[in-house]
Structure formats: structure tokens, C-alpha cells
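Mind folding the following:
(5 chains)
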Amino acid sequence: MPAPCRVVVPLRQHLGAPAKAIVAVGDRVAEGQPIAEPGGFVSAPVHAPIAGEVTFVGPRAHPGGFPCESVVIEARDGVGPAATDGAPPPWRLPGASADWERMTRAELTALIREAGIVGLGGAAFPTHVKLSPPAGKPIDLLVINGAECEPFLTCDHRVMLEETAAVVTGVRILKRALGVPRAIIGVEGNKPDAIARLGEACALDDGIEVVACRVKYPQGAEKQLINALTGREVPPPPGLPLDVGVVVQNVGTAAAVARAVTAGLPLYERVVTVSGSAIARPSNVRVRIGTPLRDIIDFCGGLASPPAKVVMGGPMMGASLTDLDVPVVKATSGLLFFTRHECPDSTPHACIRCGRCGEACPLCLQPSEIALRVEIGDLDAAQALHIQECMECGTCAYICPSNRWLVQQVRLGKAKLHDRKQQRSA
Amino acid sequence: MEIAHYLQLVLWAILVNNFVLAQFLGICPFLGVSRKIESAIGMSIAVVFVITAASVICWLLYYTVLLPFHLGFLRTIVFILVIAALVQFVEMVIRKVSPSLFQALGIYLPLITTNCAVLGAALLAITKDFNFMKTLVYALGSSIGFGLVLVLFAGIRQRLDIVPAVPRILRGMPIALVTSAILALAFLGFAGLVKM
Amino acid sequence: MASGVSLDREFTKGFVRENPLFILVLGTCPSLATSTTLFNGFGMGIAATFVLVCSNIVISLLRKFIPDGVRIPAFIVVIASFVTMVDLLMEGFVFSLHQSLGVFIPLIVVNCIILGRAEAFASKNGVLRSALDGLGMGLGFMAALVVMGTIREILGNGTLMAGTPYEFAPFGEGFKASPVLVMTLPPGAFLTLGLLMAGVKRLGERS
Amino acid sequence: MTASSNAAPEGAPVSAPPPADKVGASARPTLRVGPSPHLHGPETVPRIMRWVFLALLPAALVSVWFFGASAVKVLTLSTLFCLGVEWLCLRLMRTPGALSDWSAAVTGLLLGMNLPPTAPWWLILAGAIVAIVVAKHLFGGLGGNIFNPALTARVFLLVSWPTYMTTWLKPGQRQWLAPGTDLAGITEATPLGLLKEGRLSELSAGASDLLLGNLGGSVGEISALALLIGAAALLWKRIITWEIPAAFIGTVAAVTGLAYAIGGPERYLAPHLHVLAGGLFLGAFFMATDMVTCPITYRGRLIFGAGCGLLTAVIRLWGGYPEGVSFAILLMNAGTPMIDHYLRPRTFGTATARQGATS
Amino acid sequence: MIDPQVVIVSAASLGSVGIASAALLAGASRFFKVETDPRVEALIAILPGANCGGCGFPGCSGFAQALVDGKAEVTACSPGGADVAKQIGAVLGREVADRARAVVRLRCSGTRAVAAPRVEYGGVDSCRALLLVSPAGSKACPRGCEGLGDCVRVCLFGALRMGENGLPAVDEQKCTACGQCVTACPKHLIAIEPYDSTVFLACSTDLAPKDARQACQVACLACRLCLKACPHDALVWDGRRPVRVDDKCVGCGLCVDACKQGVLVYARGAVPEPGVRAQAERLLAERKAVEAARKAAAKAAAAPQPAAPPETPAGDGPAPA
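Okay, here's the model as predicted:
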């Protein structure tokens, strides 16, 4: 979609420390120019999605439902998307070139870091951190996640189809940056077109294979994908894929890496799936980070009916928005506008101990048992039942015939455990 | 067939004529120490030990001291004294010899003095004219039956605590007793399993 | 114990407010086992009351002389003596009742109510007060047993006052022919006590 | 006294429901917020219960075929009584639940199928009260019960009124039995009853009769085939899993088979007859699998089923009662919390030696 | 007929059993002596020794140990009753010292009728859980009480109850100011206050006045009329809201009258004493008179003689710039 006239760029768009603004009100910025620097190692810079003038730096509504330090950029006369003539040339990453194969691993990682690339699957973990494994943890495999994280979302699918070349280049760059000989692209079996295209594009590089995996949820979760592709089991938290010698990256991230390294484009736009019955024209759109939701709604033909619930992310793990006056962030993989019919009122029944949640749990936990412990306030028992290992994929609550709030009870339990830990250390 | 007979006696004592569910012996600790599975297990082990030891000692005392002197009527007093002394003695020994064992089950020992199952087992063995071996087997079986039901019951109560939907006035003792009622009902299925 | 408590309160507290069975949950074993009929419950109640009053009196008298270290064994001996007495008396005079109560007469020794009152009350109070306390608690226990016995006998046997010359069938002969047999069996005992306890709890909340 | 009796009931909703009217609402529509996931699967408790109810119908129809008016009366009364008592409980005790969740209807139908066709109305009413009040609502209603309500009621009735509970009609007695009808000529003992009384030689029903239901017995247990049809539906809808029935029936077959092999056909019934006779299929497929009262893990369910089978076989072969299914399931219900307590599934990623996960 | 021989034999045998076991125990107690916490022994001596298990602990010694470990309630022994509980308290030193009584109060008046909603919440019935999905809460005022009862659930004394209006109500007679609800409230809306204070501010909003007016009909709009109404300077401004100064407040209630929004309220429906009230009114009137006089003087001074500085009483008025 066309660049908007006004963007609100939150500085907390990734896991880890928020970025620090390096521009002030009144500054004129070029498209792609850095506007904030990383606030720590686990952090990423933020770039201007459009050319224009900085009109505000301060707290603005964040999709997470809390005010967050943000930079507002507005297109001005002669500057910005409305008038392409006379605009300052777009800013590009220094050092980027199509000749990336000659770069060292450190150079590649630095470029990726400068481009502000974070995991585009949804968690928004800074990519350069994943590319810098601690010594003593040998990595032998790169897994590329093309297994669409959640139902409803099709943005990864579109990226694989429309930017096949960029994806494959990105995979090769990531392989080089990690120094691993082998990469697997895992794609769910219901996307034969994507598998075919990727297969063709990868034919040149024998270190990359495309593997079709079963269509199920949550196949796109790191641990599940690794298990499905390699049979390795990532240990429970604090265990990471690193512990079994694997790094996982999303296909969208790979494409972004390719653009950053070969063309010097920092990460200031992404593909977002816009769907749900309340939107007139569901589609996948490439949008600038910071685009207000209302612009996207207008671009997609407006609202067909008043939405009852708006979800950012996927239907299983996404967050419901409290407000439509929020911008798109790097982690926004989907925007779902649900009508009342799609998310009916659900009053929970008593647990009938059917055990389906436990059967469905990809981590073999017992969600009903955990939730009951949280409900009666027995946090120790909840901990003994491995509450901390839950990744909140939502499978249990989806399947629960009693409509119980299993995921929220787990999150509540984790939050209370966190509170308690802080109280004790205080 | 001796062994088969003793086996039948054990089964009879555990299942058919269960101390708690059929004879109402040891209800106090059954209701009191059944809130957690772990303490129920500790209590069970302690009870098995004390009941067996007490019954055997009481039997010996009865047939070697009381009966020869025609003092059968004194058995209640003598037995309770012996049990009290035995429990205290065992407690002291365990505390000295194995503090960890004492931590695990020593604290249940004083509770056993007034557990009517202990005196009950000793008295019943006399009333039923059991010989020495039978007394031993009977006491062992009965106490295992007590422990089995105690542990099962503790599991149930722990679950009742997790699903706190029980109406308020029934919480605690009343629902525990209603549960025991259904448990006793289920144990009636063993009626006639062994004919003693 | 504060002497400010009036004697009649000392006597009546055992009936409802501190009912040993329904509120304090003491003496559950004999109450479950012997409340099969009203008469059995009554007999058990009388026996327990007798032991309770006598042992309270004796312990109250002896409280100054018993060294603290051996007081529990001493109490037990006193109680056991009275229990033996009751055992022999009942065997002599009401043999059928003695038969149906069985092992639970000697087991009065280990009834928590009696040792509990001896320790908590009689060893610290005067003779009159202790006697009244024992009598009140004993009668409260008996009342609980009689209530349980009545319910179980009517439902489980179809009769009332069985074992006495005044036996009758309150719900008619038809019900007596096929009563709720299970009420006389252990499950009925547990169920009755559980529901009565809930009822008493409800009453206590109301007032 | 319980130490926690003065504490507030944790987890109980203390707040009134959210406001229905929007006070001071602005022109902007308020969005809903809620925890993820924002979608929900099609399965609901009423749906599950409805399927169980439907799956019981084939066996009930077979009964109506063989026992006519008596079976209709028992099944209808039992279902209606249970629904009525449930309604009263929900009103008076305010335990969570609703008539529309179908659980009381399932309990009622199951109870009816566990009674003999000759059961008088008061027996059914007593059963309904025990099932719904004692076994279910005293424990907090649906989901709170430890023991299967219908079975608790059945055992209660069996112990209280053994004669009424073991007066089996001969199949084909379809007429209305007026109160006081002399049943002497139209009753017959079940195969298990004959076994218990040592009259095995009088057994006339063969395996095909047991399959079709052409014999005396409880309303719902006579036809193994009809029960299997219902069970197949439940397995197909994934409402029950195979573990419990398989372990249950397998263990009964194994133990009775062993007894038959050692003790000989004079004293023991052949294992295939044991499997088909009595309430084994009804119990194994419809009552042991009651989700509320069985373990929640696969391994736990296997143990549960095997325990049920062992206890059933022991009571049938050596116990005082001819049929042990109900007692066995109740006893294993009591053990369910222990099984769940000690059998936890292996959490993902904690594998040591074996990589057991499916890929 | 009592046979003396029977008496003698019984006495002798009973005695010997007694002596034998006493000797055994005496020997054992010496031989197997183990040091324990003297308080446990003291507690065991106090407890009835019935070992009935009614307290939920395994016997009296288990209960005593739990008491010493702080795991048991002092009042958990039902056979012993209140008397034993008192003695236990004495041994453990758990007697609560007399101190100024405090209670908790809710700093929010946003009932369902007056507070505007922002979003519609469907999820676990808990304020903490709500904040997980909507960090600013469900009401238009981010500092409004969610009314899902996290505080009510943690109260062990039954002092909190969820009112029909969607706000928790405190029973100040039952409240012990233990602080459980204060920690449980994820929005920190519950404050511990002296029981004696009669006036308090039932609002915590940090919205700008114009937003606050939209969000809630009973919101502090920062008008400061209350400060002006207080003759005792018992209210100070913290930048957004008035704050009561406890040692100055006499509870005259003039601020309550002055508050148009009704966010300053009397605790437990207290009514100010007429004497205190009258005196405060007098004081306020005096103040106003002085202020009026000062203003008049300033005006008079400012107009014809700009050079003369105005006379201010006690010099606490802001000097005209």
C-alpha cells in the first residue's frame, strides 16, 4: 500500500530494551534514516518509514495497550510520499552490496543489526542476537520457518511466493552469517506452490533443502518445527534452540535480511495479513512500520461491519486491541477484524476433566490442572506442573469443551509468580 | 493350605472388614491426617508398624500374664498402658536413630496412642481367639487396610481442594464424611469375597 | 478456665455450641459404629457420659497430686479403670446391648472426648465444675448419638426403639418391609454424620 | 474443624456480572478485549453429553424391544427424575451448571439402563436423588464429583434393596406390569447370577443371545451389540478413547480366562461369556469412561481400566455379588486422584534417553 | 464377694506392668535424649494432648511444631478453645501489641453508574488477569477500580465484599489492615488509613481534568476548591490531587462540602462533631475576611500608589509579581 502521510513509530518494537530516540521535534528525516539507536545488546535500531518532519517525540498508544515512547513523522510540503520530487534521497545502509559473499560473518551480522531486523514471525526477537551464539554452543543447522505460525495468517505464504528469490538469498546470507553448512526450510504441506517455487530457487545451493511438514497448529512454533524437521527436542525454558544446535528464522526475516544486505534497505516495512469478516477486502498488504490502523482499514476497503474484536497477530496468540488508534509495529503479522459472530460470548463451564487440553498440548503439559492450581492460588503446585514451560499457543483453550480460560490462567499464574519473585527479592 | 488361609485373612482384613470403612476404627486420624497425600503415607507406615507391634505384644501379655493369673478383665487397662509406652518408646528410638525418619513419620506417632484402631486391633485379636500367627497376620492386614484407605482418601481430598466447587457448608468435614460414605459403599462390593 | 463462666453455661455448652461430635468432631468412631439404632446410640451415650463424669471428678480431685510428667498415663489409667467398670457392669446387666456395642465399650478409653476433657478441663478446674462439664459434654455426645441413631434406625430399619419393648414402625409396615438397608451399614453412618454436620454448621451460621 | 474454613472461597467469582447497559458510553463502539486464543473449537460440554446420550439409545431401544412397556417406564422415569432433581439442586444449592448441559439427562438415562425392568417408581426416584444430590451436587455439581453419579446410585440401590434390584424379566415380556403383579413366572436369572448360585448348568443363553440381548438383565446391559454400536459412535467422535474399554475388557477376559483354564468349565464361565455377560460393555464404554471421574492421562487410563477389570473379575469370581462392574468402577474412581497425582506426562523437551515424540 | 487375692494379684500385676514400662521409658528417655526447641515442649504442655488431629496437623506435637514454624493459626485447636489459644499466644509472643488502629479504604468512586467503560472484557474473573490483556484496564479512567474482586478474594477476615455497584466495600469493623488487599490490588487503589480519620479522597485518577470529566462522573478535576475550603491547612497539593495531612485534619468536613465532584467523602458515614464544625467555619470565615481585606488593600494599593507593598498577614500569601 502507499506510504501514509503520518506515521507513529513506537520505540519498543522488539523483545529486549527499547530503542532510544536520536531525533527531535522539527528534524527532517529521509526515508530509512535511523531515528533511534538500540538501548542495549538485545535491542534494535528503528528507522524512519517515510521521509518527513518529526512532529512529536513522546508517549503514544502502543498496540500492547499501554503508552509507549514514540516518534511521530509527518510528510511535509516537498518532503514525503505526497511529493516525490525534491525529497531527500532515501537513506541506505552503508556497506551493503550485492556482493555479499565476500563479506565476513561479523560484517554481515553488523549489517543486519544496523538494519534493525527482528524476527518477523511475531515474537520480534532481534535477529543479530540469534546470529551471535555464545561460545560453546555449536550451531550446525539453520531452520527457516515457512510454516505459517497461525491459522488466518497467510503473510509468510505470500512472501514465499512473491519474494522467493529474496527469501532464498536471505537464507544463504543467514547461513553464511552463522557459518552453518545446512539449512532447512520447513513449509506446511498445504502450500505446494510455495514448496515448488522454493525448491526451484534452492536448486543452486545444495546446502538448502525444502521440507514439507504436517499441517497442524502450532507447527510454526520454534520448538515444534525443530522437532518436526529434525526430531530434536529443545529442553524446557531456559532451554533455547541453541541448545540443540539450531537457529530458527522466519521466511519474512530472511527476505528482510536479503534486502538489507544486498540493497541496504533497513527494516521499515513488512507484510501484514488483514483479515476477518468485519473488513471489506481481506488481503495481504506491505505496509510501512508506524502506519496507523485506520489507514490500513481504509486501504482495505473500510469496515464492512463494526468489529467486535480487533486482534493484532494471529487468532491463537495475538492480542486483542483496546484501541484502533495504534500503529503497525515490526511484530504485527496480522490484523484480524472479527465480528461478534466470529468471537461469541463464552462463559466457562466447570472443568469436566476430559483431558483434551493435555492431549492437545504440544509441550505435553496439563493445562487444566495448571489452571485449577492458579485459580485456587496454589502457585507452587502450578510451578511443579511446569507452568513456566507453557508457550501460550492457545491450543488447549481452543479445544476446551468447557470454554475455560486456560491460557489466561497460565499467564496470570506466570505474572503472579513474577510478582512474588520480585516481592521476595525486594 | 496354611498359607492360603493366612492370605485370606489378610484380604479379609484389608478389603472385606476394613478398619475404617467397615469397623469404624481410627476415624479420627482418618479424617485428620488425610489432607495431604504425603502425610497420609507417613501416617500409614507408622500405623502399620505400631498396630502390628502392639497387637503382638498385647497378645503375648494376655496369654502369658493376664490369663494365667485370671486377670482377663484387666486387659483394657494393661493394653492401653502397653500401647502408650510402646508408642512413646518407638518415638524416642526413631528420633535418636534416624532423625530423617522421625521427620517423616515420627510426628504421627503420638497421634497413634489414641488411635482406637491400635487398641481395637489388640482387643479384637483376643475376642476372636486368634493364635499368635493369626494375630500377627490380622494386625498386619488390618493396618495395611487402614493405610490403603487413608492414602486413597487423601488423594480424593486433595482433589476436592483443587476443585473448590463444593457448597460452603459442606466444605471440610461434611464432604469428607460423604466421600467416606461412597467409598464405604464401593467397598461393600468385597462383601462375601472371603468367608471367615 | 475463668471462673466467671456460670455453672449452667458450663453444663449446657456441650449441647450445641461446643457439641463434641458435630462441632469439635471428637469421638467419631463410636458414634459411627454404635448409632445403628436409637437404643444403641443411647446406650453408648450413657456409658460414655458415665466414664466422662467419673473420670472428670477423679482427675479433678487428683489434679494437685499427679506429677506433670506422667499426667497423661495417669489419666489414661483412671479412665481405663472406669471403662473396665462400665464394661463389666453392662455385661452383667444389659447383656444384649453389650453384645451389640461390642469392642466399642472398651474403646471408650481412647475416645478423644474423654481424654481431651480430662486434660483441657478437669486437670485445671474444681470438682463441681469438672463434673458439670463432664455431664454436659457427655449428654451432648449422647444427644448427637441419639439423633444419629434415630435417623439411621428409621430409615435403615423402618423401626424406632428397636431393642426395647416400645418398638414401632413410624413409616408403617410397608416401609419396614423394604427400608433403606444401606443406612444401617457403614455408608449410611458416614452419610448421616456428614449431612448432620453440614446441617449444624448451617444452623450455627444462621444464629 | 478445617483450618481454611474462614478463608474466602478462592477462585469463586465474587463480582457481579459485568454491566449489561452501557453507562456513559461514548459514540465510539467499545472493542472487546480478551485473552488469546480468540477462536474456539466446535466442541462444547453439551455437545459431548448429547453424543453420549445418543450413543446410549441403541441399547435402550433393544431393551424396549425385549421388555416393552417396563423398559420405557424405567428409562423415562429415571431420566425425568434426574432432570427434576437436578433442576431443584441448581435452584436450591446454586452449584454451577445448567439443565441444558445434558449431564443430568445422561446420568438419568444411564441410571435407568442400570436398573432392572421391574424397578418400581420409588426405587428410581431414590436412585435419582442419590445420583444427583449425593454423588454430584454435594461435591459441587458437574465436574466436581469424584464418583460416577449413576453408579453410586446403582450401588446404593443394590445394597439397600437387593431383591428389587435383582428381579430380572424374561425377554419378551412387553406388557405393562401393574403394581403387585406376580413376577414369579416371568423372571429369570442372569448368567452371572446362575454362576454365583452354582447353577451354571441351567444356563441357556448362548453367545448370540448375549450379543443380541435376548436374556434377562438390567434395562441397558442386555445387548452387547447395541452397546458396541453406541461405543463405536463415541470412539469415532473421539468423545471416549480406547484405553479404558480395552484395558477393562482385556483384563476381565484375561483373569476369567485364567480361572477358566485352571478351574475348569464346571466351576467357571468361559471368558467370552464373561465379557459379553452382565454390565461389562455398558460399564467399560459408557461409565468407566466418564471423563469427570477417570484419569486424564493415557497411561493413567490404562491403569484405571486394568484396575476396573481386575476388580470386576475378582468380585465376579469370588465375591458375594454376582456382578462387580459397578463396584469396580466406583473403587477405581476413588483411586483416580492418586493415579493423576503420580502419573504426569513427560513434558516436552525433558526426554533423556528416548525420543518419544511423534513428528 | 471380693477375693482379696484377686485384688492383690491385680494390683501387683498392674503395678509391675506400670513399673516395667516406666523403667523402659525412663531408660529410653535418657538413652535416646534429643534436644528440641523448648517452645515446642512448652506448647505441647499447653495443648490438650488429645492428639485428635482436629487441627489438621498430625497430633499436638505436630501442631506445636507448626505453630513454632509459623505455619498454624493460634486458634486452630478446637478442643482447647479460646483459653489455650491465649496461652499459645503468650508463649509465641504473638499477642498483637496495641497500636493505632488502621483500616483500608478504596481510592476510587467509579461505580458502574458513573464510570465510562473503554473496552468490554471477557476473561478470567480477576483484575490482575484483566490487566494482562488490557494494561490500562477496562474503564476509561486508567486508575479506576476494575471491580473483579482480587482484593475480596485475598481477605481472610471477611472485611471486603463486592458491592452491587461494582466496587468493593470495606467493613471497617472487621478490617485488620493486614495489607493483603493492598498488595493484591494490581492498580494500587487500596490505601491503609488511620481508622480515626473521617475524611478521605476516593479517587486516584491521573487523567487531565478534561479527560477525567469524560471518563467518570465522580473524578477529581483538580479544581482545588477543597484546599481553599480547609481552614486547618490539612490538605496539600501533590501536583494532581489533594493529600490529607493527618495530624492537621480535624474532620470538620468543610472540604467534603466544597468538593463538587463528590470525591472527598466521609469514612463509614461519619458526621463531623458540631463543635468542631462550628469552630472550623468560624476559622474559615476569619480567613476569608483577612484574605478579602488583603485583596482590597492590594487593589487599593495597586491602583493609586503602585510603589507601596501590600501588607500581608504572616507573610504567607504570594507576593504580587
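
number of nearby residues for the one residue in chain C that gets nearest to chain B?
Nearest to chain B in chain C, going by Cβ to the nearest Cβ, is C:Gly194, at a distance of 3.0 Å. The way it works is simple: take the backbone N, C-alpha and C, and place the C-beta from them, glycine included. Residue neighbour count, defined by other Cβ atoms under 10 Å in any protein chain shown, stands at 22 for C:Gly194.

and what of A:Pro138?
Each residue near A:Pro138 was counted by other Cβ under 10 Å, and the total is 10.

Next, the contact list for it, please.
Taking Cβ atoms under 8 Å, 6 or more residues apart in numbering or on different chains, we find A:Pro138 in contact with A:Gly245.

Surely A:Val72 is in a helix?
No: A:Val72: not assigned to a helix; according to DSSP: H, G, I helix; E, B strand; the rest coil it is strand.

got the residues of the stretch 201-350 of chain D near chain B?
Proximity of the stretch 201-350 of chain D to chain B (Cβ under 8 Å from any Cβ of the partner chain) is limited to residues D:311, D:314-315, D:318-321, D:324, D:326-328, D:330-331, D:333-338, D:340-341.

Type out the PyMOL command that picks the buried ones from these.
In PyMOL syntax, the buried subset of these is picked out as below (16 or more other Cβ atoms under 10 Å in any protein chain shown):
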select buried, chain D and resi 311+314+315+319+320+321+324+326+327+328+330+331+333+334+335+336+337+338+340
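
Three-state assignment for residue 35, please.
Just going to use chain A. Relying on three-state DSSP, one would call A:Ile35 strand.

tell me the pLDDT at it?
The per-residue pLDDT reported for A:Ile35 equals 90.

Enumerate every residue touching it.
So A:Ile35 contacts A:Val9, A:Ala21, A:Ile22, A:Val23, A:Val29, A:Val46, A:His47, A:Ala48, A:Val54, A:Val71, A:Ile73 (Cβ under 8 Å, 6+ apart).

ok, of these, which come out buried?
By neighbour count, with 16+ other Cβ under 10 Å, the contacts of A:Ile35 hold A:Val9, A:Ala21, A:Val23, A:Val29, A:Val46, A:His47, A:Ala48, A:Val54, A:Val71, A:Ile73 as buried.

where exactly do the helices run in chain B?
B:2-11, B:27-32, B:37-61, B:75-97, B:99-105, B:109-113, B:116-127, B:132-162, B:173-187 (DSSP state H).

Need these in TSV (columns: distance to chain C).
Output for the helices of chain B, formatted as TSV (distance: least, Cβ to the nearest Cβ, whole Å):
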stretch	distance to chain C
helix B:2-11	18
helix B:27-32	4
helix B:37-61	12
helix B:75-97	4
helix B:99-105	20
helix B:109-113	8
helix B:116-127	4
helix B:132-162	11
helix B:173-187	3
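
out of those helices, which comes closest to E:Val91?
Nearest of the helices of chain B to E:Val91, taken as Cβ to Cβ: helix B:109-113 at 18.9 Å.

Kindly state the pLDDT recorded for residue 99?
Because you didn't say which chain, this covers chain A. Model confidence at A:Asp99, expressed as pLDDT, equals 82.

actually chain C
For C:Gln99, pLDDT reads 88.

How about E:Gly149?
Reading off the model, E:Gly149 has pLDDT 90.

Are the one helix or strand the residue of chain C closest to chain B maps to and chain E in contact anywhere?
Assigned by DSSP states H and E, C:Gly194 belongs to helix C:186-206. No: judged by Cβ under 8 Å from any Cβ, helix C:186-206 stays clear of chain E, getting no closer than 12.1 Å.

helices and strands around that helix, which ones?
helix B:173-187, helix C:28-34, helix C:127-157 (3 or more Cβ pairs under 8 Å, 6 or more residues apart in numbering or on different chains; DSSP states H and E).

For my notes, please list those helices in a markdown table and give mean neighbour count and distance to chain A for each entry.
Formatted as a markdown table, these follow (neighbours: other Cβ atoms under 10 Å in any protein chain shown; distance: least, Cβ to the nearest Cβ, whole Å):
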| stretch | mean neighbour count | distance to chain A |
| --- | --- | --- |
| helix B:173-187 | 26 | 16 |
| helix C:28-34 | 27 | 27 |
| helix C:127-157 | 23 | 31 |
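
how many other residues sit next to residue 160?
You didn't say which chain, so I picked chain A. Neighbours of A:Met160 under the rule other Cβ under 10 Å: 28.

I was after chain B.
23.

how close does it sit to B:Leu177?
In this view, B:Leu160 and B:Leu177 are 12 Å apart by Cβ to Cβ, to the nearest Å.

just B:Arg159 next, same as before
For B:Arg159, the distance to B:Leu177 equals 16 Å [Cβ to Cβ].

Please apply the same query to E:Val152.
30 Å.

what does D:Val106 give?
D:Val106 sits at a distance of 27 Å from B:Leu177 (criterion: Cβ to Cβ).

repeat for A:Thr273
Taken as Cβ to Cβ, the span from A:Thr273 to B:Leu177 is 58 Å.

Read off the pLDDT value for the residue sitting furthest away from the middle of chain C.
Distance to the chain centre peaks in chain C at C:Gly174, reaching 32.5 Å (criterion: Cα atoms, centre = their mean). Note for C:Gly174: predicted pLDDT of 82.
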